[in-house]
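K.L.:
this is a predicted model, with the sequence first.
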Amino acid sequence: MTLQAFIDESYDESGLFVMAGCISTAEAWGQFSVEWEKMLPNWGVLDERRIYHFHFQEMTTPNRINNIGVFFDTLYRHSLGFVAIKINTNDLKRARSRIFVPNMNIDWAYAADPYFFTFSALMAMFHQHRFEMQDYFSEEKIDFIFDNHIDKNIIISSWQEYFNNRPEEIKKYFGATPRFQDDKECFPLQGADLIAGLVRRGYQEGKTVDAIGELNSEGIKRTIKKETIRITIELSEDDIATNLKQALRYVIGPSHVIYDVKLFPQPSL
């Protein structure tokens, strides 16, 4: 059985940044894609190339929002689970400014960009908790597929190094090198856009993390309910700082002291 997770990102001007998507078997995604494509001319939107597609933000207009539930029912019927991770880009900036290593200029690289940081955190934290998902996914590997990103080649080229730095006990859960595809051609990525949009909207509405995990939103009517796994990860500024320290430790080794200036006063040089 081949499992696949399709992931998209969603964000707003306040600093809210979400990555989210859905997991199922390759066979289920094939069936889903056939159904989804047939739905698009009736309930989707046209882009500038005259291609019908689903895009959450465009679907939230008053004359289209009722159609979201139809798409969500189709996605829910074929999915085994949903996953989401949320940060605030302002927390990421503050967390970076807190970390200090004497006599070292830290090149944050991946942590300078919220996309790279959230991608890395999602992959790390999802696989760290795979043992909790045995009832849904057994020990099957899961391949991750993301919507196209301008810097996808950087992620692909650095993937092996990233994987090599993972704890041995979770490496068995990792699937193939992540792939990046065009959501106009890959319909499960349009489903991921739906989940990412719902999660972002939930945070904008001030819902708790438990409520957001239910994937309900005002004005969107759903009819299909079934047992699925829903993983919702929130990273605060302190969580991000801890994550940055752990990642930095992999890079600089054990011989350097890493300070968090929120917790310890910065030493004088």
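P.N.:
Sure thing, it's come through.
K.L.:
please make it C-alpha for all contacts and neighbour counts, starting now.
P.N.:
Fine.
K.L.:
run through who's touching the helix or strand of the chain with the lowest mean pLDDT.
P.N.:
Across the helices and strands of the chain, mean pLDDT, DSSP states H and E gives its lowest value to helix 209-213, namely a mean of 86. By C-alpha atoms under 8 Å, 6 or more residues apart in numbering, the surrounding residues in contact with helix 209-213 are 199, 202, 203, 230, 231, 232, 234.
K.L.:
what's the PyMOL line that selects buried ones from those?
P.N.:
In PyMOL, this line selects whichever of the contacts of helix 209-213 come out buried by 16 or more other C-alpha atoms under 10 Å:
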select buried, resi 199+202+203+230+231+232
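K.L.:
ranges for the strands of the stretch 151-269 of the chain?
P.N.:
Assigned by DSSP state E, counting those that start in this stretch, the strands in the stretch 151-269 of the chain fall at 179-181, 229-234, 259-260.
K.L.:
among those strands, which is nearest residue 105?
P.N.:
strand 259-260 (13.1 Å; C-alpha to C-alpha).
K.L.:
from the contacts of helix 209-213, which is closest to residue 109?
P.N.:
For these, the nearest to residue 109 is residue 234 (22.0 Å; C-alpha to C-alpha).
K.L.:
about what we covered before: how about a markdown table for the strands of the stretch 151-269 of the chain, with distance to residue 116 and mean pLDDT added?
P.N.:
Putting these into a markdown table (distance: least, C-alpha to C-alpha, whole Å; pLDDT from 0 to 100) gives the following:
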| stretch | distance to residue 116 | mean pLDDT |
| --- | --- | --- |
| strand 179-181 | 14 | 97 |
| strand 229-234 | 16 | 93 |
| strand 259-260 | 22 | 89 |
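K.L.:
of all those, which one is nearest residue 24?
P.N.:
That would be strand 229-234 among the strands of the stretch 151-269 of the chain, by C-alpha to C-alpha, at 10.9 Å.
K.L.:
I'd like the distance from that closest one to the chain centre, please.
P.N.:
10 Å (C-alpha atoms, centre = their mean, to the nearest Å).
K.L.:
which strand or helix spans the residue most central in space within the chain?
P.N.:
Nearest residue to the geometric centre of the chain (C-alpha atoms, centre = their mean): residue 19, 2.7 Å. Per DSSP states H and E, residue 19 falls inside strand 16-25.
K.L.:
helices or strands up against that strand?
P.N.:
Under the contact criterion of 3 or more C-alpha pairs under 8 Å, 6 or more residues apart in numbering; DSSP states H and E, strand 16-25 touches strand 3-11, strand 81-88, helix 114-128, helix 187-204.
K.L.:
swap in 7 Å and give it another go.
P.N.:
Here strand 16-25 touches strand 3-11, strand 81-88, helix 187-204, going by 3 or more C-alpha pairs under 7 Å, 6 or more residues apart in numbering; DSSP states H and E.
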